[in-house]
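coords below, sequence missing:
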Ligand code: ADP
């Protein structure tokens with residue numbers, strides 16, 4: 001079974017064609033600068049010796065031209081991965097926000113389209129782009145089932161005490177303002193993967209997943225279900241991140257906005273795009289540079305790194321309380337997978353939990369790795385996330401045999 005995974009951003013489209021009989025990638029790539037000058041497609045055939053990356057610079061005024069170009073490339077007689085579109089059995093789409101409408105992935109029909117439209121107010125940048133991707137695929141691949149996989153769905157199992165904010169009641173009942181949480185596809189993938197990796201029964205396991213990428217969030221998972229997570233109504237909440245502030249005193253919005261002469265909406269943009277590690281260091285959000293600056297003794301870099309690791313450790317403490325204990329803690333995503341420095345610093349706060357880090361395993365972690373010592377009371381792991389695979393698995397499960 002071949003599943004095409006599509007992730008549409010406002011001006012980009014990432015894709016991956018997966019053979020789900022073997023869970024291997026046949027081709028992947030992206031379209032950049034859609035609707036702008038210099039738009040181009042990068043197409044990478046995978047698993048065929050000698051097959052080279054194909055780059056096509058061609059106008060893509062909308063996502064429709066981008067999807068068409070992806071489909072043409074996938075069926076190209078020279079470098080395509082399939083002979084015809086008939087060989088693509090289903091398409092899985094990453095969608096940001098479904099509010100409380102869906103607790104799991106779902107096969108797209110007109111009701112699903114309406115629900116994604118209704119949630120544009122919560123995800124004004126992502127939901128419209130996600131929707132365009134779905135609509136274009138429905139048009140260009142009639143009869144091929146489309147599946148929507150939501151970033152919010154995995155967190156719909158959170159109890160009310162975890163998702164309610166201390167606001168006037170109508171904020172939730174009338175306006176739908178609550179914690180929704182994001183990175184659900186990654187948290188779901190990792191919580192299943194770690195149970196398998198450790199040979200543990202997922203129905204008897206307390207896991208804390210640290211998804212530390214440019215966007216970062218932490219999730220408390222009890223018996224395979226999310227019971228709390230650090231992002232909120234939007235992805236701005238929780239940990240300090242690459243360019244996002246994470247949690248701040250809400251009164252800062254007025255105070256900082258006034259000082260800087262910004263409107264509320266401009267202030268929120270500043271909190272999303274010019275804050276976090278980027279804001280603290282004066283222009284660096286990449287953790288490789290952050291580590292370098294830290295080693296060189298640059299004070300702003302030291303402050304930003306210390307704040308980030310302290311923040312992660314505080315959330316781990318909070319979620320250990322929420323779970324009433326923790327069996328395993330997983331580091332994943334760009335920083336979680338690739339920064340032994342951050343992992344060691346975070347774990348240095350966890351002695352009270354009986355965490356004992358295996359420094360050598362931490363330094364050399366690659367693929368799925370246990371980085372705690374055998375006598376550590378909590379197992380610490382590095383597990384690479386694979387959101388595309390999770391989307392393809394959900395898509396297969398919902399559409400196979402239809
Ligand atoms: P997103 O998907 O949110 O854009 P990623 O999961 O790709 O983010 O993570 C990007 C982050 O991972 C960047 O801050 C980058 O610096 C960090 N990163 C990637 N490789 C390394 C590395 N070798 N050491 C430290 N940080 C790394």
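Sure thing, it's come through. The model shown is predicted, which means the values in this text are computed figures rather than measured ones. Residues are numbered from 1 along each chain as shown.

For the chain, which residues are neighbours of the ligand?
By the rule Cβ under 6 Å from any ligand atom, the part of the chain lying against the ligand is 213, 214, 215, 242, 286, 287, 288, 333, 334, 335, 338, 339. Where C-beta positions appear, they are placed from N, C-alpha and C, glycine not excepted.

ok, 8 Å please
Taking Cβ under 8 Å from any ligand atom as the criterion, the chain approaches the ligand at residues 211-216, 242, 277, 285-291, 333-339, 341-342, 385.

which among those residues end up buried?
Buried members of these, counted by 16 or more other Cβ atoms under 10 Å: 211-216, 242, 277, 285, 287, 290-291, 333-339, 341-342, 385.

Next step: these restricted to helices.
277, 287, 290, 291, 333, 334, 335, 336, 337, 338, 341, 342 (DSSP state H).

Pick out whichever of these sits closest to residue 174.
Set against residue 174, the nearest of those by Cβ to Cβ is residue 333 (35.1 Å).

Name the nearest residue to the one residue in the chain that gets nearest to the ligand, sequence neighbours excluded.
Using Cβ to the nearest ligand atom, residue 334 is the residue of the chain that sits closest to the ligand, at 2.0 Å. Take residue 334 and drop its neighbours on the chain: the residue closest to it by Cβ to Cβ, 6 or more residues apart in numbering is residue 213, 4.4 Å away.

Then residue 376?
Counting by Cβ to Cβ, 6+ apart, the residue nearest residue 376 is residue 356, at 4.1 Å.

Tell me if I'm right that the one you found and residue 373 touch.
Yes - counting by Cβ atoms under 8 Å, residue 356 touches residue 373, with 4.5 Å between them.

show me where the stretch 51-200 of the chain has helices.
Taking DSSP state H, counting those that start in this stretch as the criterion, the stretch 51-200 of the chain carries its helices at 63-74, 110-118, 126-140, 160-163, 169-173, 184-198.

Any buried residues in the longest strand along the chain, and which?
Determined from DSSP state E, the single longest strand within the chain is strand 24-32. Buried positions in strand 24-32, judged by neighbour count with 16+ other Cβ under 10 Å: 25, 26, 27, 28, 29, 30, 31, 32.

quick one: which two of those residues are the most distant?
Of all pairs drawn from the buried residues of strand 24-32, the one with the largest separation by Cβ to Cβ is 26 and 32; the distance is 21.2 Å.

you'd agree residue 18 is in a strand?
Yes - counting by DSSP: H, G, I helix; E, B strand; the rest coil, residue 18 is part of a strand.

So it sits against residue 392, correct?
Yes - taking contact to mean Cβ under 8 Å, the distance of 4.5 Å between residue 18 and residue 392 places them in contact.

anything in contact with each of these two?
With contacts taken as Cβ atoms under 8 Å, 6 or more residues apart in numbering, the residues that reach both residue 18 and residue 392 are 3, 5.

check contacts around residue 233.
Each residue near residue 233 by Cβ under 8 Å, 6+ apart is listed here: 122, 165, 177, 178, 179, 180.

ignore the last one, residue 220
Taking Cβ under 8 Å, 6+ apart, we find residue 220 in contact with 206, 207, 208, 226, 227, 228, 229, 319, 322, 323.

Please repeat the previous calculation with a cut-off of 7 Å.
Taking Cβ atoms under 7 Å, 6 or more residues apart in numbering as the criterion, residue 220 is in contact with 208, 227, 228, 319, 322, 323.

Quickly check these for the two that are furthest apart.
Put simply, by Cβ to Cβ the two of the contacts of residue 220 set farthest apart are 208 and 227, 10.6 Å from each other.

These two: which has the busier surroundings?
Under the neighbour definition other Cβ atoms under 10 Å, residue 208 and residue 227 were set side by side, and residue 208 has more, 27 against 19.

Does that one lie in a helix or a strand, and which?
Using DSSP states H and E, residue 208 maps to strand 206-212.

returning to that earlier point: could you check the angle helix 63-74 makes with the longest strand of the chain?
Direction vectors for strand 24-32 and helix 63-74, defined by axes from the mean of the first three to the mean of the last three Cα atoms, to 10 degrees, enclose an angle of 140 degrees.

Show me what strand 24-32 packs onto, helices and strands only.
strand 13-19, strand 40-45, helix 63-74 (3 or more Cβ pairs under 7 Å, 6 or more residues apart in numbering; DSSP states H and E).

So what angle separates the directions of the shortest one and strand 13-19?
Spelled out, it's strand 40-45. Angle between the axes of strand 40-45 and strand 13-19 is 20 degrees (criterion: the same axes, to 10 degrees).

try the longest one
In terms of direction (the same axes, to 10 degrees), helix 63-74 departs from strand 13-19 by 30 degrees.

For helix 63-74, name the packing helices and strands.
With contacts defined as 3+ Cβ pairs under 7 Å, 6+ apart, the packing partners of helix 63-74 are strand 13-19, strand 24-32, strand 40-45, helix 126-140.

between those, which gets nearest to residue 379?
With Cβ to Cβ as the criterion, residue 379 lies closest to strand 24-32 of the helices and strands packed on helix 63-74, at 28.7 Å.

Other residues contacting that closest one?
Taking contacts as Cβ under 7 Å, 6+ apart, the residues outside strand 24-32 that touch it are 12-19, 39-47, 60, 66, 69-70, 74, 81.

for the protein, what are the low-confidence residue spans?
Along the chain, no part satisfies pLDDT under 70.

Go again with 80.
Applying pLDDT under 80 to the chain flags residues 48-50, 402.

Select the longest helix from it.
With DSSP H applied, the helix covering the greatest number of residues in the chain is identified as helix 299-323.

I'd like to know the beta-bridge partner residues of the closest residue to residue 12 other than its chain neighbours.
For residue 12, ignoring the flanking residues on the chain, the nearest one in space by Cβ to Cβ, 6+ apart is residue 32 at 5.4 Å. With DSSP bridges as the criterion, residue 32 is bridged to residue 40.
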